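Visitor: no sequence on hand, only this structure:
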Ligand code: PLP
């Protein structure tokens with residue numbers, strides 16, 4: 001067999017095998033063992049029936065042919081209005097590309113900013129695909145480390161030092177953050193944006209959790225003064241409307257970049273199915289009520305978690321403001337996140353993700369997806385705490 005491109009064979013070159021617990025839990029479930037899975041970011045509710053009806057009607061109405069590659073006009077308009085309302089920055093349909101989910105948007109953005117051999121930065125802890133997505137463009141992926149002491153918020157001085165050392169073309173940020181749930185405060189974003197501008201970089205802002213905010217306010221960097229022209233915002237219907245399998249998201253950015261990304265989409269995805277886009281448009285037209293209904297179980301479970309975790313010292317809750325995850329500091333047990341997660345799975349049948357799966361900054365932590373029924377979630381968390389106390 002001739003060679004497979006190094007762009008693909010190096011996608012996982014950091015050898016992060018932290019997903020071992022997830023796959024082991026899946027195997028145990030397949031064998032019929034009782035496991036409470038708190039691993040991936042998949043809602044325990046399905047897509048709203050009204051959205052499915054809209055999809056069905058659109059398909060029956062014949063919207064099953066090729067759709068416009070940039071996205072259907074109504075959906076581009078609705079996304080532009082949504083982003084303008086949230087940022088105060090004038091946004092037109094020409095600033096919007098509809099993509100098959102946030103992941104395709106992440107890939108498109110990095111194709112848009114990276115040439116082979118460039119360096120692109122991403123914040124650690126990170127969503128699992130970030131380094132591989134950057135490498136798939138032929139660029140070098142370099143992590144901007146954060147610390148538990150600074151609540152995993154990236155620091156401008158550290159960014160400046162790393163930018164001086166590596167000469168990057170872009171920085172990828174994600175707030176509300178997966179895995180930590182941290183919502184970056186305005187002052188931190190202001191300072192980061194200043195460094196991004198000083199080094200003439202692009203800012204790629206992954207905002208797929210922007211409807212899941214429990215404390216504080218989500219601020220899109222696009223809203224900050226003087227940065228919109230170098231910012232690409234990524235959105236998705238996956239988390240906001242429990243539409244993970246429908247694969248619909250977007251990039252919002254300067255018109256010339258969006259035009260270039262439409263050329264890329266013509267050569268890659270060739271758009272998103274029309275009936276899916278019709279359903280996404282219907283969902284956005286329902287306004288915040290529908291988004292709040294999807295987010296509500298996570299807010300409730302987080303409040304529950306706070307009660308359960310209060311008054312014990314073994315498991316710390318990273319002070320987070322959003323997203324469907326808890327990030328737990330288990331360093332008091334003396335175990336690594338990976339050892340803790342494996343031991344917890346074997347001892348209690350509870351599957352959580354080791355912090356190390358999301359990068360070196362989050363060693364000694366575990367991520368808990370709040371994606372099971374409240375009662376099961378509460379029991380699992382109580383058992384996790386009791387388990388941690390036996391190891392401390
Ligand atoms: N970005 C982050 C931070 C995520 O957590 C995810 C999925 O979990 C994605 C992007 C991709 O989501 P999707 O492609 O379903 O929109």
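Guide: That came through fine. Keep in mind that what you see is a predicted model, and the values were worked out from it rather than measured. Residues are numbered from 1 along each chain as shown.

Visitor: contact residues of the chain facing the ligand?
Guide: Counting by CB under 6 Å from any ligand atom, the chain comes close to the ligand at 41, 101-103, 127, 174, 178, 206, 208, 236, 238, 244, 249. Every C-beta, even on glycine, is put in place using the N, C-alpha and C of the backbone.

Visitor: in the residues you listed, find the pair that's most separated.
Guide: Greatest spatial distance among those (CB to CB): 174 and 244, at 16.9 Å.

Visitor: who has more neighbours out of these two?
Guide: Shown here are residue 174 and residue 244; by other CB atoms under 10 Å, residue 174 has more neighbours (26 against 19).

Visitor: and that one, what's its pLDDT?
Guide: On pLDDT, residue 174 comes in at 98.

Visitor: so what's it bridging to?
Guide: Judged by DSSP bridges, the bridge partners of residue 174 are residue 206.

Visitor: so it sits against residue 124, correct?
Guide: No: counting by CB atoms under 8 Å, residue 174 stays clear of residue 124, with 10.8 Å between them.

Visitor: pLDDT weak spots in this protein?
Guide: The chain contains residues with pLDDT under 70 at 15-18.

Visitor: strands of that one, residue ranges please.
Guide: Secondary structure of the chain (DSSP state E): strands located at 36-37, 96-99, 119-124, 140-145, 170-174, 202-206, 231-236, 249-252, 316-317, 325-329, 350-351, 353-354, 365-369.

Visitor: just checking, what packs against the second one?
Guide: The helices and strands touching strand 96-99, judged by 3 or more CB pairs under 8 Å, 6 or more residues apart in numbering; DSSP states H and E, are helix 73-87, helix 101-113, strand 249-252, helix 255-267.

Visitor: the fourth one now?
Guide: The criterion is 3+ CB pairs under 8 Å, 6+ apart, and the helices and strands that strand 140-145 contacts are strand 119-124, helix 130-135, helix 156-166.

Visitor: between strand 202-206 and the first one, find me the angle.
Guide: Between strand 119-124 and strand 202-206, the angle comes out at 30 degrees (axes from the mean of the first three to the mean of the last three CA atoms, to 10 degrees).

Visitor: buried ones in strand 119-124?
Guide: By neighbour count with 16 or more other CB atoms under 10 Å, strand 119-124 contains the buried residues 119, 120, 121, 122, 123, 124.

Visitor: and these, which is closest to residue 151?
Guide: residue 123 (12.5 Å).

Visitor: any idea how this structure splits into domains?
Guide: If you go by automatic domain parsing, the domain ranges for the chain are 6-46+289-391, 64-286.

Visitor: residue 55 is nearest to which of those domains?
Guide: Per CB to CB, nearest to residue 55 of the domains of the chain: domain 64-286, 3.8 Å.

Visitor: related to what we said a few turns ago, now the buried residues of strand 119-124 as TSV including distance to residue 202?
Guide: What follows is the buried residues of strand 119-124, written out as TSV (distance: CB to CB, whole Å):
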residue	distance to residue 202
119	12
120	9
121	10
122	12
123	14
124	19
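
Visitor: please name the bridge partners of residue 142.
Guide: Listed by DSSP bridges, the beta-bridge partners for residue 142 are residue 121.

Visitor: what residue in the stretch 251-392 of the chain comes nearest to the ligand?
Guide: Nearest residue of the stretch 251-392 of the chain to the ligand (CB to the nearest ligand atom) works out as residue 323 at 8.0 Å.

Visitor: wait, that residue touches residue 215, no?
Guide: No: in this structure, residue 323 is not within contact of residue 215 by CB under 8 Å, at 11.4 Å.

Visitor: quick one, which of these two is more surrounded?
Guide: The residue with more neighbours, out of residue 323 and residue 215, is residue 323; 31 against 12, by other CB under 10 Å.

Visitor: what sits against the more buried one?
Guide: By CB atoms under 8 Å, 6 or more residues apart in numbering, the contact set of residue 323 is 176, 177, 178, 180, 181, 209, 212, 298.

Visitor: alright, I will stop here.
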